[in-house]
Structures are given as C-alpha cells and as structure tokens.
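*Asks:* Need a 3D model of the sequence below.
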Amino acid sequence: MKILFFLFVYLFGAIPAGYILFRLTEKKDIRNYGSGNIGATNMLRMTGWKKAIPVLIFDMTKGFLPIFLALKFFPDHWTPIVAGSLAILGHCFPVYIKFKGGKGVATTLGAYIALAVKPLLCIIVVFLIIVAITRYISLGSLTAALSFPLFSLLFNENIEIFFFGLFVFLIIAIKHKKNIKLLISGAENKIGEKRI
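*Replies:* Numbers count the residues shown, from 1 in each chain. From the prediction side, this is the model:
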C-alpha cells in the first residue's frame with residue numbers, strides 16, 4: 001500500500017504545470033526562456049501574474065496533498081516526511097520531461113503548510129524581509145529554506161521535521177546552483193526585471 005502511495009506521490013509531484021501551461025498558451029518550451037525554470041517565478045517573468053498564479057497554486061498543491069493524505073491515513077511520523085520528500089523530488093526531477101524540473105520552492109511551501117505551520121509562518125517573514133531588502137527571490141528562497149530547520153527546533157516540532165527541512169534545503173540549494181553563482185557575481189535577476 002505504501003509503495004503504491006509513494007509512487008503516486010512522485011508521479012503527482014512530477015506533473016510540470018508551468019511547462020504544460022506555457023506549452024499550451026505560448027507554443028514554446030519555457031525551459032528555453034528566462035531562467036529556464038518551469039516554476040511560477042519564471043512564469044511571472046515571462047507571462048505575468050495571470051499565468052504564474054495557477055502554476056504557483058498547483059505546485060503548492062503537489063506538496064500539500066501528499067502530506068495531508070499521509071497524515072490522514074498513515075499513523076507513523078516518517079510516511080508524511082517521505083511523501084513530502086518524494087513530491088519535492090518529483091517536482092525538481094520530473095520523469096515526464098527528462099528530469100529537468102523546477103526548483104522546489106512552491107512545492108516545499110505546500111508541504112510545510114500541511115506539516116508545520118508555525119515554522120512556515122516564520123520563514124515566510126524571513127523570505128519577505130530578504131526579498132524586500134534585496135529584490136532577489138532566489139536569495140529569499142534560500143534563506144527561508146535554511147531557516148526552516150532552525151525554526152522547527154525552536155517550536156519543538158518532531159525531529160523528523162527538522163531532518164526534512166535539512167533535506168529540503170539541500171535540494172533547493174542544488175537546484176539554485178546557478179542562482180547562487182549569479183548572486184555571488186552580482187548578475188542575478190531582481191524581481192521586476194524581465195529576462196529575455
């Protein structure tokens with residue numbers, strides 16, 4: 001039962017909403033434009049809010065729903081953690097488009113909504129402060145991801161959630177490798193700038 005559930009979670013997480021929407025509406029591969037990412041941030045840069053918001057909501061749902069179902073139907077602490085991890089891995093490395101997916105931030109946000117609301121609220125504040133000061137979404141995402149495990153300890157969440165946060169930060173950092181290099185060089189795209 002769990003194996004089938006985990007398979008479903010990965011395949012559901014791997015659905016590339018941004019890629020599909022951009023392909024249907026623009027007749028192009030979004031990975032060839034902007035940051036090359038299939039997520040909501042690149043959709044925002046390339047097409048605007050009207051198409052970015054549905055992608056954001058769907059990508060968040062990919063993280064929220066598996067953990068919600070795991071908490072409802074499986075009594076142990078680790079099944080929701082594995083489910084959340086597989087959903088994020090599915091988004092970042094989707095089998096449908098040769099494992100070239102998004103950066104996992106929105107899917108992680110959805111997972112944290114289902115798993116640990118208090119630490120989530122704290123990292124949202126961290127994200128907003130960093131983005132407001134620097135206008136770098138990538139820096140805000142990385143800082144928020146790094147701070148989640150610390151806030152999970154602060155609020156005495158289960159230790160499994162702490163390790164989940166560390167795993168998520170590792171994946172997000174790997175997927176933001178290019179952004180990290182651009183941040184260091186000062187060439188990273190700021191919010192409000194349209195990259196051609």
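
*Asks:* In the protein, what residue spans correspond to helices?
*Replies:* Using DSSP state H, the helices of the chain run over 2-13, 17-26, 40-47, 49-73, 78-92, 105-115, 117-134, 137-154, 159-175, 177-185.

*Asks:* buried ones in the last one?
*Replies:* Counting neighbours by 16 or more other C-beta atoms under 10 Å, one finds that the buried residues in helix 177-185 are Asn179, Leu182, Leu183. Using the backbone N, CA and C atoms, a C-beta is placed for each residue, glycine as well.

*Asks:* What separation do you get for the first one and Ala17?
*Replies:* Pointing back at Asn179 there. 21 Å (C-beta to C-beta, to the nearest Å).

*Asks:* now do the second one
*Replies:* As for Leu182, its distance to Ala17 is 25 Å (criterion: C-beta to C-beta).

*Asks:* how big is the angle separating the lowest-mean-pLDDT helix or strand in the chain from helix 105-115?
*Replies:* Least confident helix or strand, the chain: helix 40-47 with a mean of 88, by mean pLDDT, DSSP states H and E. Angle of helix 40-47 versus helix 105-115, following axes from the mean of the first three to the mean of the last three C-alpha atoms, to 10 degrees, is 140 degrees.

*Asks:* burial count for the closest residue to Pro149 other than its chain neighbours?
*Replies:* Of all residues not flanking Pro149 in the chain, Gly165 sits nearest, at 3.5 Å (C-beta to C-beta, 6 or more residues apart in numbering). Gly165 is flanked by 26 other residues according to other C-beta atoms under 10 Å.

*Asks:* Correct me if wrong: Gly165 contacts Leu154.
*Replies:* No. The criterion here is C-beta atoms under 8 Å, and Gly165 misses it with Leu154 at 11.7 Å.

*Asks:* Quick check: closest non-adjacent residue to Phe6.
*Replies:* Leu86 (5.6 Å).

*Asks:* Thr79 too?
*Replies:* Ala70 (4.6 Å).

*Asks:* What confidence value was assigned to the one you found?
*Replies:* You'll see Ala70 listed with a pLDDT of 96.

*Asks:* Run through the residues that contact it.
*Replies:* Ala70 makes contact with Phe5, Thr79, Pro80, Val82, Ala83, Gly84, according to C-beta atoms under 8 Å, 6 or more residues apart in numbering.
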